Every structure is written in C-alpha cells, then in structure tokens.
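J.: Provided below are the primary sequence and the corresponding predicted coordinates.
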Amino acid sequence: MILPYLVRLACLSLACFFLVHVALAIGMNWLAPWVLAMAKPGKPSSAARLLLAARLLPSVVGGLVVAGVCVPSYLWLEPEATVEQVGLGCLAAAVLSVASWGIAARRGLRAIGLSIRYERYCRKLGCETRLAGENTRVWVIEGAASSFALAGIIHPRLVISREVLENLSHAELEAALRHERAHRTSRDNLKRLLLLSVPDVLPFRVRLLAGLESLERGWAQFTEWAADDRAVGGDASRAVSLAGALVRVARLGAPREASPLMTSLVADGRDLEARVDRLLDAAPGGENPGQVRPRLVVAIVLAAGLFGAVIGGPATLQTAHRLLEHLIR
Ligand SMILES: [Zn+2]
C-alpha cells in the first residue's frame, strides 16, 4: 500500500512503538519475580517506586525510542519525494498499536469519569467540614459504611463516613488521617491513573503476562505499607492506634460507593492481617516522603543524558533507518 510521507511516518512510529513495547513487556514480565524479590527487603516506599518504574518502563522506553530514534532518523534520512510501499506486517503492527493505545485511553478516561461521578455523589450526600489538624476540608458522608479515603487527583479530598468518625477514637482518627495525608504527599491517585493509562501488550488480555499484573499488585501493597510507615513515623503508640483504626474500619464493611482513583484506608482486606501484624510487631516508619536523594537524581540525569547521546547520534540514526526500511516493507 502506497501512503503519503507523513502518514508513513505515523504508521512506522506506531509499529515501532508496538514492537519495542512488546519486546520490553515480555522481558519485564519474565523479570517480574526477580524485581519483586529485589523490592521486598527494602523500605516500602523504595519498593513501591521500583515496582512502578518497572511496570511503566516498557511504555516509557517505547515512547523514547519513537521520539528519539524513529522520528528523527526518518525525517533526516528519508527523502520527502520517495514513494514507498508500506507492508502488511508494518500496517498490522500499527493497527495493533492504535488499538492498544485506544483501549488504554478509554480506561483512563473512564476512571476520570467515575472519579468525577464519585465526587458528585460525595457533594450530594456529604457535608463539608474541617477536622482538627487537617488543613483541607473533609466530606463527611452519612450511611457510607467504612468510607475513609482520599479521592481525586488534582485536589484530592478526604471522604469519611459518619459511622467511621463515630467509631474511631481521637488517636485512631489522627493516625488514619496521617495515613491518608501520606497518600496525598506521594500523589498515589495520580500514579493509579498512570497505571490505568499505559497500553497493554496486546489489545486483548494475555494470560501469560501475569508477571506485569504482579508488579501492579506489589505496587499497591507497598504503597499502603509506605503510607502506614509515614503515618506511624516510628512511634509505637501511633502504630497501635493505626492498627486499631484499620481493624475498626474493616469491621464496618465495604464502602457503598468507590472510585478507581481513590486510596482507601483499608484498600484490600487480603492485606489487612499483614498490615496489622507489621504495625504491632515493630512500629515501622520514620521516612520523609518529600526527601529526594541527590545521588539518585544525579544518576537519573546522567543515565538520561547518556541515553540521549547514544540514541541521538548519527551512527545510531543511520542504523535505525536501515532497520526501519526493513520494518516498513
Ligand atoms: Zn491507604
């Protein structure tokens, strides 16, 4: 099929992303048990960062290869007047790429839509109030069972049911509020949206890629543990209060309404026992969520610079162009 210059570029970029993404996703799926084993002994916040980075890596590198290699080499080395056929293999890869991106975008937009609907539900049934020590307003909802969550992305808001407020002691409430504040500082709802919006390997579910799903589950678990640690800050009495709050909220039952972009105090009943045990075994925590290690930042900047220098070099672009010529036929 003969296509105009820019349509061929779009086709080639989509096909290139698809192939790089599939290769890296299969590799990461295979490496997932090893990444999880590496994350486990570390601090929960470091483990959560590592697992999130591992899960997003195939999409991010796929995008970088397209933007840094595929597009520049095509624009530099492909004469505009060339009339060239686009092979069926390239077209098929481009179509699969569009379908995967479309499904991911739909999933992300649906999550945003459900989040807006949940906000409306809170506005309708709840009353806004201020709690001691909390500098933003809180929605208190009547008859919402065990709701205790941070909802939304840009201005996340605390949503608490009246039953929870009436059942928690002052110390338990304070510990639970610190837990949700830790989620807000880490922007965990935004990370949730990112995970929902990355494309799948193929535009349909592949059961063999369970490793990638285990990275997401691991991220969710370590995110909760990290928020517990920050809420407790190494203080044994706060740890007991938070454990008490978790058990009391869990006993009230599941919330009536939920949003995909919210972090609940008791997000997953399966992990409740483990969280309570680690709080009661030894008061964990003492991490500063805003602290960014300078050495880590320097390493990331150097790695990005090296990556840019290697992939942006003339020799790399010429080799890439030859490979793309094979791909497009
Ligand atoms: Zn939480």
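T.: Alright, I've got the coordinates.
J.: all contacts plus neighbour counts: C-alpha atoms, from now on.
T.: Will do.
J.: how about G234, secondary structure?
T.: Secondary structure, DSSP: H, G, I helix; E, B strand; the rest coil: G234 is coil.
J.: how many neighbours does it have?
T.: 17 (other C-alpha atoms under 10 Å).
J.: Equivalent analysis for P156, please.
T.: Neighbours of P156 (other C-alpha under 10 Å): 20.
J.: What is the longest helix of this structure by residue count?
T.: Taking DSSP state H as the criterion, the chain has its longest helix at helix 88-125.
J.: Strand partners (parallel or antiparallel) of the helix or strand following that helix?
T.: Sequence-wise, the next helix or strand downstream of helix 88-125 (DSSP states H and E) is strand 126-129. Using DSSP bridges, the strands paired with strand 126-129 in its sheet are strand 138-141 (antiparallel).
J.: ok now do the closest residue to L196 other than its chain neighbours, which residues does it touch?
T.: Leaving out its chain neighbours, the residue that sits closest to L196 by C-alpha to C-alpha, 6 or more residues apart in numbering is G108, at 5.6 Å. With contacts defined as C-alpha atoms under 8 Å, 6 or more residues apart in numbering, G108 is in contact with L193, L194, L196, S197.
J.: What residues sit buried inside the longest helix of the chain?
T.: Using 16 or more other C-alpha atoms under 10 Å as the test for burial, helix 88-125 gives 90-91, 93-101, 103-105, 107-108, 111-112, 114-116, 118-119, 122.
J.: any idea how far the ion is from the closest residue to A105 other than its chain neighbours?
T.: Nearest residue to A105 in three dimensions, chain neighbours excluded: S197, at 5.8 Å (C-alpha to C-alpha, 6+ apart). According to C-alpha to the ion, to the nearest Å, S197 stands 21 Å off from the ion.
J.: S197 against G102, yeah?
T.: No. S197 is beyond contact range of G102, at 9.7 Å (criterion: C-alpha atoms under 8 Å).
J.: And for the residue in the stretch 1-150 of the chain that the ion sits nearest to, nearest residue in space, chain neighbours not counted?
T.: The nearest approach of the stretch 1-150 of the chain to the ion comes at A149, 7.5 Å away (C-alpha to the ion). Nearest non-adjacent residue to A149, counting by C-alpha to C-alpha, 6+ apart: S264, 4.0 Å away.
J.: Name the residues of the protein found near the ion, please.
T.: Counting by C-alpha under 5 Å from the ion, the chain comes close to the ion at E224, S264, L265.
J.: Shouldn't D200 be within a strand?
T.: No. Counting by three-state DSSP, D200 falls outside a strand, being coil.
J.: wait, what's in contact with the spatially closest residue to it that is not a sequence neighbour?
T.: Nearest non-adjacent residue to D200, counting by C-alpha to C-alpha, 6+ apart: S100, 5.9 Å away. Residues in contact with S100 (C-alpha under 8 Å, 6+ apart) are P199, D200, V201, L202, P203.
J.: repeat that for 6 Å
T.: P199, D200, P203 (C-alpha atoms under 6 Å, 6 or more residues apart in numbering).
J.: packing partners for the helix or strand hosting S237?
T.: Per DSSP H and E: S237 is located in helix 236-251. Contacting helix 236-251 under the criterion 3 or more C-alpha pairs under 6 Å, 6 or more residues apart in numbering; DSSP states H and E are the following elements: helix 170-186.
J.: mind running it again at 8 Å?
T.: helix 170-186, helix 210-232, helix 272-281 (3 or more C-alpha pairs under 8 Å, 6 or more residues apart in numbering; DSSP states H and E).
J.: out of the ones you listed, which comes closest to V61?
T.: helix 210-232 (15.7 Å; C-alpha to C-alpha).
J.: Just the buried positions in stretch 248-261, please.
T.: Buried, per 16+ other C-alpha under 10 Å, within stretch 248-261: R248, V249, A250, A254, P255, A258, S259, P260, L261.
J.: Now do the same contact list for the residue nearest to L50 when sequence neighbours are not counted.
T.: Distances taken as C-alpha to C-alpha, 6+ apart put A39 closest to L50, at 6.8 Å, once the chain neighbours are dropped. If you count contacts by C-alpha under 8 Å, 6+ apart, A39 has them with S46, A47, A48, L50, L51.
J.: Could you list which of the residues you listed belong to helices?
T.: Per DSSP H, the contacts of A39 map to helices at S46, A47, A48, L50, L51.
J.: picking up where we left off before, can you put the buried residues of stretch 248-261 in CSV and add pLDDT?
T.: CSV is the format used below for those (pLDDT from 0 to 100):
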residue, pLDDT
R248, 90
V249, 88
A250, 87
A254, 73
P255, 72
A258, 78
S259, 82
P260, 86
L261, 88
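J.: now, which of these sits nearest R157?
T.: L261 (11.3 Å).
J.: and the closest residue to that closest one other than its chain neighbours, how many neighbours does it have?
T.: Distance criterion C-alpha to C-alpha, 6+ apart; nearest residue to L261, sequence neighbours excluded, is N189 at 5.3 Å. Neighbours of N189 under the rule other C-alpha under 10 Å: 21.
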